[in-house]
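Enquirer: With the sequence up front, the predicted model follows.
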Amino acid sequence: MKRLALPLIAAALLAAGCATTTSPPGGASASASSARVDQDALWLDRLSWGASSSSLAELRRMGRKTWLDTQLNGRAPLPTELQAQIAALSISQRDLPSLVYEMEAQRKSADASKDDAAKAAAQQAYQQTLNRLSREAASRALLLAAYSPNQMREQLTWFWFNHFNVHQYKHNLRAMVGDYEQGLREHALGRFRDLLGYTAHHPAMLRYLDNEQNAAGRINENYARELLELHTLGVDAGYTQRDVQELARVLTGLGVNLSGTEPKLKPAQQAQYQRRGLMEFNPARHDFGDKQLLGMEVKGRGLAELDQVLDTLARHPATARFVSRKLAQAFVADMPPPALVERMAQRWQQSDGRISEVMRALIQSPEFEASLSRKFKDPAHYVVSAVRLAYDTKQVLNTGPMIGWLYRLGQAPYNRQTPDGYALDESAWAGPGQLNTRFEIARAIGSGSAGLFRVEGEKTDRPAFPQLANPLYYEGIAPRLASATRQTLDQASSPQEWATFLLASPEFMHR
C-alpha cells in the first residue's frame, strides 16, 4: 500500500466521524443519467443491506414501485446455493424443544460427574456446543443479510431483534437465539400485535428478563417494566409504577419448561395449564386476582389476561408513536422529523399496526428521500454492505471473519447485555478507534486476505472485487465522491488497493 495514500485515507476516515456526506460534490463528472442512477443507489444503500451492481440492475429493471411492493411482501425464494448453505446448519435441522432438551441432558450429565477432570471437560464441551449454536445463528443472519433477495425483511429482522433484545450469554440462550430470530424474521413485516405476542411467549425473552421467576406472591417486575418502557409505550408515555406492578401480576406463571414433563396440578388447575414448545403457563404460579392496568380492568382468568393487555398495548397511540420514531431513527435520521413520525403513527392506527404499511409511509415520505446518504452506518451495516459490494454474486463460505469484525467493532450478534439494544445514532459508532478498525477491515477485504472463502487446504482468498470494475455501480457512487476521495482512488496501484480505499472512504461510511 502506498505510504502517501495511507495517511490520506486515514484522515478521510476521521473526517467521516464528524461530518456527514450530503449532496454530490461540485465538479463531479456525472451525466443526467448517472445522477438518476445515483439516487437509486442511495435508495438501495438505505433499504437493503447495501447497494451492489446486481441489486442496482434489478431495481432499475423493476422500477421503484414494483421493487418496493416486492420487498414489503418479503416472500421471494432464496437462491439455491444460499438455501443449501443454511439448510446444512444444525439449527435448521432441529426444532428448539428437542435441541434444548438435549442440551439440558448434556449439562446435567456434566454437572453430575464425580471426577473433577471429567466434569471440567464435559462442562467445556457443553459451553462449546452452546457457542457453536449461537455462531450458527449469527452465520445464518449474516448470509441472509448479504444474499437474500428479501432485503427489507432482513433489515427489519435485525431491527426487531435489537428492539426486542435478548443477550446470548444469559443461561442457555445461545441455544435459543437462532429460533428466536427466525420467528422475528417471519413476523418482521406483519402486524405489530403478532410480533409482540411472539416475543412475549418465546422462551428466550422469558428467560432473559426473568419472567420464569415471576409467580404469585414472588413478583418479578423485570419483563413487565421493559415490555412497557422499551417494547411498546415508551418511558414518557405516562404509565406508573403501579401499572408495572399490575402487568407483572398479569405475567405471573408464564415461564419456561426445560424438562419436557408437565407439573403435577390440582384438577381445577389442569384446564388452565398450557405448554407450547418450551413456553409454559403454570396456573399454580399465577395470580388470579383482578388487576387495574392503564385505566382498564383485567379480570383474573389466566393466560387470556395477557392477550387482553397485549391487544391494548399494540394498539395504543403511544406505542404507535414510540415504535414509529424508532423505525424513523433507524431508516431516516438520528433525530427523526416529528411530522414524519406522526404520519407513520397515523398509518399504524389506520392499518392496525401493519409494519409493511408503516414502512411504506416512511419510504414514500419526502423526509426519507432528503435523508439519503446522510445516515451513518452502524458496524453491522458497514460490514455487510462492504461484503455485498465486494462479493456481489460470489457467496461467502466462511462468515467467521464477519462475526469477528463485529466483535471488534462492538456490535457482535446477540451480545448486547442490556435490554435496550444497540444504539442507532452516529455518536455511538463514529469515534477514531472505530474508524481505524473499519480501515483495517477494508484493507482485509480489499486485499483478498479476509478469509471469507477459505476452505480446507486453502491459505488465501481468491482475488477480490472484480465486480467493482462494473461501471453500473461506479456510475452510481462516483457523483457523490468528494474530490479528496477521488484523488485517493486515483493513487491506487491495483484493483485491490482501489477497493480498500473505496470501502474506507467517508462516503462509504454513510447510507
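Expert: Received it, and whenever you're ready, just let me know what you need. Numbers count the residues shown, from 1 in each chain.
Enquirer: CA atoms for contacts and neighbours, from now on please.
Expert: Will do.
Enquirer: so residue 252 is in which element?
Expert: Assigned by DSSP states H and E, residue 252 belongs to neither a helix nor a strand.
Enquirer: okay but it is in contact with residue 221, surely?
Expert: No - taking Cα atoms under 8 Å as the contact criterion, residue 252 and residue 221 are not neighbours in contact, 9.7 Å apart.
Enquirer: Compare neighbour counts for the two and give me the winner.
Expert: Here residue 252 and residue 221 are set side by side on neighbour count (other Cα atoms under 10 Å), and the busier one is residue 252, at 30 against 23.
Enquirer: before we move on, the earlier item: give the residues shared as contacts by residue 252 and residue 221.
Expert: 211, 214 (Cα atoms under 8 Å, 6 or more residues apart in numbering).
Enquirer: Just to be sure, residue 359 is in a strand?
Expert: No - inclusion of residue 359 in a strand is not indicated when DSSP: H, G, I helix; E, B strand; the rest coil is applied; the result is helix.
Enquirer: How many residues are close by it?
Expert: By the other Cα under 10 Å criterion, the neighbourhood of residue 359 contains 22 residues.
Enquirer: ditto for residue 453
Expert: Around residue 453 there are 19 other residues, counting by other Cα under 10 Å.
Enquirer: so it, which of the three states?
Expert: What three-state DSSP gives for residue 453 is coil.
Enquirer: Quick check, it in contact with residue 400.
Expert: No - Residue 453 is beyond contact range of residue 400, at 10.1 Å (criterion: Cα under 8 Å).
Enquirer: In terms of pLDDT, where does residue 364 sit?
Expert: pLDDT for residue 364: 97.
Enquirer: Then residue 248?
Expert: Listed pLDDT for residue 248 reads 98.
Enquirer: what's the answer for residue 6, then?
Expert: Note for residue 6: predicted pLDDT of 54.
Enquirer: ok, now how distant is residue 137 from residue 216?
Expert: As for residue 137, its distance to residue 216 is 35 Å (criterion: Cα to Cα, to the nearest Å).
Enquirer: Just want to know which of those two has more residues nearby.
Expert: Neighbours per residue, other Cα under 10 Å: of residue 137 and residue 216, the larger number sits with residue 137, 28 against 20.
Enquirer: what sits against the nearest residue to the more buried one once chain neighbours are set aside?
Expert: Counting by Cα to Cα, 6 or more residues apart in numbering, the nearest residue to residue 137 once its immediate chain neighbours are dropped is residue 178, at 4.6 Å. Residue 178 is in contact with 91, 133, 134, 136, 137, 138, counting by Cα under 8 Å, 6+ apart.
Enquirer: which one of the residues you listed is nearest residue 122?
Expert: Using Cα to Cα, residue 133 comes nearest to residue 122 of these, at 16.8 Å.
Enquirer: so who does that closest one touch?
Expert: Taking Cα under 8 Å, 6+ apart as the criterion, residue 133 is in contact with 90, 91, 174, 175, 178.
Enquirer: how about it, secondary structure?
Expert: What three-state DSSP gives for residue 133 is helix.
Enquirer: From residue 241, how far out is it?
Expert: When Cα to Cα is applied, the distance between residue 133 and residue 241 equals 38 Å.
Enquirer: Same question for residue 360.
Expert: The span separating residue 360 from residue 241 equals 36 Å under the rule Cα to Cα.
Enquirer: In which helix or strand does the residue most central in space within the chain reside?
Expert: Of all residues in the chain, the one closest to the mean position by Cα atoms, centre = their mean is residue 158, 1.5 Å from it. Assignment of secondary structure by DSSP H and E places residue 158 within helix 151-163.
Enquirer: per-residue confidence averaged over that helix?
Expert: In this model, helix 151-163 has an average pLDDT of 98.
Enquirer: Now tell me what touches that helix from outside.
Expert: Outside of helix 151-163, the residues that reach it under the criterion Cα under 8 Å, 6+ apart are 47-49, 71-72, 74, 144-145, 148, 181, 184-185, 188-189, 230-231, 330, 420-422.
Enquirer: got it, and stretch 245-265?
Expert: Contacts of stretch 245-265 from elsewhere in the structure, counted by Cα under 8 Å, 6+ apart, are 97, 100-101, 104, 201, 203, 206-207, 211-216, 219-221, 223-224, 278-287, 291-293, 303, 305-306.
Enquirer: Next, the buried residues of that stretch.
Expert: Within stretch 245-265, the residues that qualify as buried by neighbour count (16 or more other Cα atoms under 10 Å) are 245-258.
Enquirer: Could you list everything residue 291 pairs with in the sheet?
Expert: Going by DSSP bridges, residue 291 is paired in beta bridges with residue 298.
Enquirer: list the contacts for it?
Expert: Applying Cα under 8 Å, 6+ apart, the residues near residue 291 are 246, 249, 250, 297, 298, 299, 300.
Enquirer: then stretch 54-74 to CSV, C-alphas only?
Expert: As requested, C-alpha coordinates have been extracted for stretch 54-74 and formatted as CSV (Å, rounded to 0.1, in the frame of the first residue of the first chain):
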residue,chain,number,x,y,z
SER,A,54,-26.7,-6.7,-9.4
SER,A,55,-29.2,-5.1,-6.9
LEU,A,56,-29.0,-1.8,-8.7
ALA,A,57,-29.6,-3.5,-12.1
GLU,A,58,-32.6,-5.3,-10.6
LEU,A,59,-34.1,-2.1,-9.2
ARG,A,60,-33.7,-0.3,-12.5
ARG,A,61,-35.3,-3.2,-14.3
MET,A,62,-38.3,-3.4,-11.9
GLY,A,63,-38.8,0.2,-11.1
ARG,A,64,-39.1,1.6,-7.6
LYS,A,65,-42.8,0.9,-7.1
THR,A,66,-42.7,-2.8,-8.1
TRP,A,67,-39.4,-3.3,-6.3
LEU,A,68,-40.8,-1.8,-3.1
ASP,A,69,-44.0,-3.8,-3.3
THR,A,70,-42.0,-7.0,-3.7
GLN,A,71,-39.8,-6.1,-0.7
LEU,A,72,-42.7,-5.3,1.5
ASN,A,73,-44.2,-8.6,0.6
GLY,A,74,-40.9,-10.3,1.5
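Enquirer: Distance from it to the middle of the chain?
Expert: Relative to its chain's centre, stretch 54-74 lies at 22 Å (Cα atoms, centre = their mean, to the nearest Å).
Enquirer: tell me the mean pLDDT for that stretch?
Expert: Averaged across stretch 54-74, pLDDT comes to 94.
Enquirer: Give me the residues contacting it.
Expert: Outside of stretch 54-74, the residues that reach it under the criterion Cα under 8 Å, 6+ apart are 40-41, 44, 76, 150-153, 189, 356, 360, 392-393, 472-473.
Enquirer: what comes up buried for stretch 421-433?
Expert: So, applying 16+ other Cα under 10 Å, buried residues of stretch 421-433: 421, 422, 424, 425, 426, 429, 430, 432.
Enquirer: ugh, typo on my part, it should be stretch 401-415
Expert: Across stretch 401-415, burial judged by 16+ other Cα under 10 Å covers 401, 402, 403, 405, 406, 409, 410, 411, 412, 413, 414, 415.
Enquirer: One more: stretch 443-450?
Expert: Using 16+ other Cα under 10 Å as the burial criterion, the residues of stretch 443-450 that qualify are 443, 444, 445, 446, 447, 448, 449, 450.
Enquirer: circling back: mind giving me TSV with the buried residues of stretch 421-433 and columns for secondary structure, distance to residue 499 and pLDDT?
Expert: What follows is the buried residues of stretch 421-433, written out as TSV (DSSP: H, G, I helix; E, B strand; the rest coil; distance: Cα to Cα, whole Å; pLDDT from 0 to 100):
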residue	secondary structure	distance to residue 499	pLDDT
421	coil	32	98
422	coil	29	98
424	coil	27	94
425	coil	27	96
426	helix	24	97
429	coil	22	98
430	coil	21	96
432	helix	21	94
